[in-house]
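# Got a predicted structure plus its sequence, pasted below:
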Amino acid sequence: MTGSTRKTALIIGASRALGLALAAEYVQRGWEVIATVRGSQRTGLHELAESAEGRLLVESVDMTKPEEVSALRERLAGRTLDLLFVNAAIAKGDIPIGEVPTEMFVEVMVTNALSPMRVVESFRSLVAPTGTIGVMSSSQGSVSLNTDGGQDTYRASKSALNQLMRCYAARYVEDTRTLLLIDPGWVRTELGGPDADLSIDQSIPGVARTIEGHSGKRGLHFLDYQGQVVPW
């Protein structure tokens, strides 16, 4: 690809784990990548940028702070994005919902559901009409798949995220962009834990293939890293 024909991705939440691996995957695929960290501390993303031959721009944003989201939107105002992907998730332990402190519940919901949608709403106009808007979800957000319970607050936050994306899709029903909720699988990260089924290297290439495989397929799709439909 030449500099003028490279596609551009903005990946929100790429300092480590899945987000960092996704940024690296798109750099490897020849894309121009803008990827974000929180704060000014050096991360693996900065190290990746040093070897990316100028094709990775590191930006800073805490997406739970609307003023920082707005500032980043202003800084990128002249860009056209082929992909906007929001990666965000925290979990605060496997606590029955009746025992979850209000502050903890609010923190998880704001981080996992509200903030990603604020980013989507803020940056949507930068995404090309044939582009893709994706958000990292989870099969744990599926109501119909929840037969075992557990992880109440995390599950609820991902279900809320899925519902909010459906609201978004309905609000912009004439939009030609592709909308994706992606389940990366159960991955061995700090969030997924050491007993998870997949390594990051098994998950993320599949996530990228799924995103690119649905390019141009307008409307909202809830898919896993293998491109399979996840039931709501």
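Alright, I've got the coordinates.
# Can you show me the helices along this structure?
17-28, 44-50, 66-75, 102-109, 115-123, 152-171, 200-213 (DSSP state H).
# and the first one, what other elements does it pack with?
Identification of packing neighbours for helix 17-28 by 3 or more Cβ pairs under 8 Å, 6 or more residues apart in numbering; DSSP states H and E yields strand 8-12, strand 32-37, helix 44-50, helix 200-213. C-beta here means a position set from N, CA and C on the backbone, and glycine is covered the same way.
# low pLDDT regions in this structure?
Scanning the chain for pLDDT under 70 picks out 1-4.
# can you pull the buried residues of the longest strand along it?
Identified as the longest strand of the chain according to DSSP state E is strand 127-136. Across strand 127-136, burial judged by 16 or more other Cβ atoms under 10 Å covers 127, 131, 132, 133, 134, 135, 136.
# Pull the contacting residues for the second one.
By Cβ atoms under 8 Å, 6 or more residues apart in numbering, the contact set of residue 131 is 81, 82, 83, 84, 177, 178.
# does the fourth one have beta-bridge partners, and which?
The one in question is residue 84. On the basis of DSSP bridges, residue 84 is bridged to residue 10, residue 133.
# Quick check: it touching residue 133?
Yes. Using Cβ atoms under 8 Å, residue 84 makes contact with residue 133 at a distance of 4.9 Å.
# Can you check which of the helices and strands packed on helix 17-28 gets nearest to residue 95?
Nearest to residue 95 among those is helix 200-213 (26.1 Å), distances taken as Cβ to Cβ.
# Show me what that closest one is packed up against.
helix 17-28, strand 178-183.
# Tabulate those (a markdown table), appending mean neighbour count and distance to residue 44.
Output for those, formatted as a markdown table (neighbours: other Cβ atoms under 10 Å; distance: least, Cβ to Cβ, whole Å):
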| stretch | mean neighbour count | distance to residue 44 |
| --- | --- | --- |
| helix 17-28 | 23 | 5 |
| strand 178-183 | 24 | 21 |
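# Would you convert these into CSV that also reports distance to residue 66?
Shown next, in CSV, are these (distance: least, Cβ to Cβ, whole Å):
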stretch, distance to residue 66
helix 17-28, 20
strand 178-183, 22
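# Nearest to residue 203 among the ones you listed would be which one?
Judging the helices and strands packed on helix 200-213 by Cβ to Cβ, what sits closest to residue 203 is helix 17-28, at 7.0 Å.
# now the angle from that closest one to strand 178-183?
Counting by axes from the mean of the first three to the mean of the last three Cα atoms, to 10 degrees, helix 17-28 lies at 130 degrees to strand 178-183.
# Just the C-alphas of helix 17-28, formatted as PDB.
The C-alpha trace of helix 17-28 is given here as PDB (Å, rounded to 0.1, in the frame of the first residue of the first chain):
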ATOM      1  CA  ALA A  17      -3.500  -7.000  26.100                       C
ATOM      2  CA  LEU A  18      -6.200  -7.200  23.500                       C
ATOM      3  CA  GLY A  19      -6.100  -3.500  22.400                       C
ATOM      4  CA  LEU A  20      -2.300  -3.500  22.000                       C
ATOM      5  CA  ALA A  21      -2.400  -6.700  20.000                       C
ATOM      6  CA  LEU A  22      -5.200  -5.400  17.800                       C
ATOM      7  CA  ALA A  23      -3.100  -2.200  17.100                       C
ATOM      8  CA  ALA A  24      -0.100  -4.400  16.200                       C
ATOM      9  CA  GLU A  25      -2.300  -6.600  14.000                       C
ATOM     10  CA  TYR A  26      -3.400  -3.600  11.900                       C
ATOM     11  CA  VAL A  27       0.100  -2.200  11.700                       C
ATOM     12  CA  GLN A  28       1.200  -5.600  10.400                       C
END
